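A.B. asks: Give the three-dimensional model of this entry:
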Amino acid sequence: MDKYIYELQMKVRDYECDIQGIVNNANYQHYLEHTRHQFLLSLGVNFVEMHTRGIDAVVARINIQFKTPLKSDDDFVSKLYLKKEGLRYVFFQDIYRASDNKLVIKAQVDTVTLVNGRLSECEEFSRVFAPFVSE
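C.D. replies: Numbering: from 1, shown residues only. Next up is the predicted model:
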């Protein structure tokens, strides 16, 4: 059974690569963040609109294991699944190279929500994540 609840296909752009011809390590965080934001949009949650209402989801900790480098023009798939641990939503995110389904990175992204500047449970996330969350 597939543990992933969301996936997003993307392509490496040449300016994301370093002098070695591989994706610069910092760009993987961009891929992960874009995937989380698109996941929210797929659930009808607009990250920017939430901010205007005083709700901010922020990264508390991130751990990335680099396995196989991506290169310019590589197609890849960014996948995620989700767990809830106390006030934290933990996103487990993996990226696979599309051509051979080889694991590129494994990441764990711990997020928390600030409601009007205070660490708090987010009722909106609790509601929309409920079908996907394992505790």
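
A.B. asks: Ignoring the adjacent residues along the chain, who's closest to Lys3?
C.D. replies: Tyr81 (4.9 Å; Cβ to Cβ, 6 or more residues apart in numbering). Just so you know, the C-beta spots here come from the backbone N, C-alpha and C atoms, and that holds for glycine as well.

A.B. asks: What residues does the one you found make contact with?
C.D. replies: Contact analysis of Tyr81 by Cβ atoms under 8 Å, 6 or more residues apart in numbering lists Lys3, Tyr4, Ile5, Tyr6, Phe91, Phe92, Phe132.

A.B. asks: mind redoing it with 10 Å?
C.D. replies: 2-6, 90-94, 132-134 (Cβ atoms under 10 Å, 6 or more residues apart in numbering).

A.B. asks: any chance of these in TSV, with distance to Cys122, pLDDT and secondary structure too?
C.D. replies: Shown next, in TSV, are these (distance: Cβ to Cβ, whole Å; pLDDT from 0 to 100; DSSP: H, G, I helix; E, B strand; the rest coil):
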residue	distance to Cys122	pLDDT	secondary structure
Asp2	27	78	coil
Lys3	23	92	coil
Tyr4	23	96	coil
Ile5	18	96	coil
Tyr6	18	97	strand
Val90	14	96	strand
Phe91	14	97	strand
Phe92	19	98	strand
Gln93	19	98	strand
Asp94	25	98	strand
Phe132	15	90	coil
Val133	12	85	coil
Ser134	18	60	strand
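
A.B. asks: Pull out the buried residues from these.
C.D. replies: Ile5, Tyr6, Val90, Phe91, Phe92, Gln93, Asp94, Phe132, Val133 (16 or more other Cβ atoms under 10 Å).

A.B. asks: Now the two most distant members of those.
C.D. replies: Distances among those were taken as Cβ to Cβ; the most separated pair is Asp94 and Val133, at 17.9 Å.

A.B. asks: Tell me the one among the contacts of Tyr81 nearest to Arg13.
C.D. replies: Using Cβ to Cβ, the contacts of Tyr81 come closest to Arg13 at Gln93, 19.5 Å.
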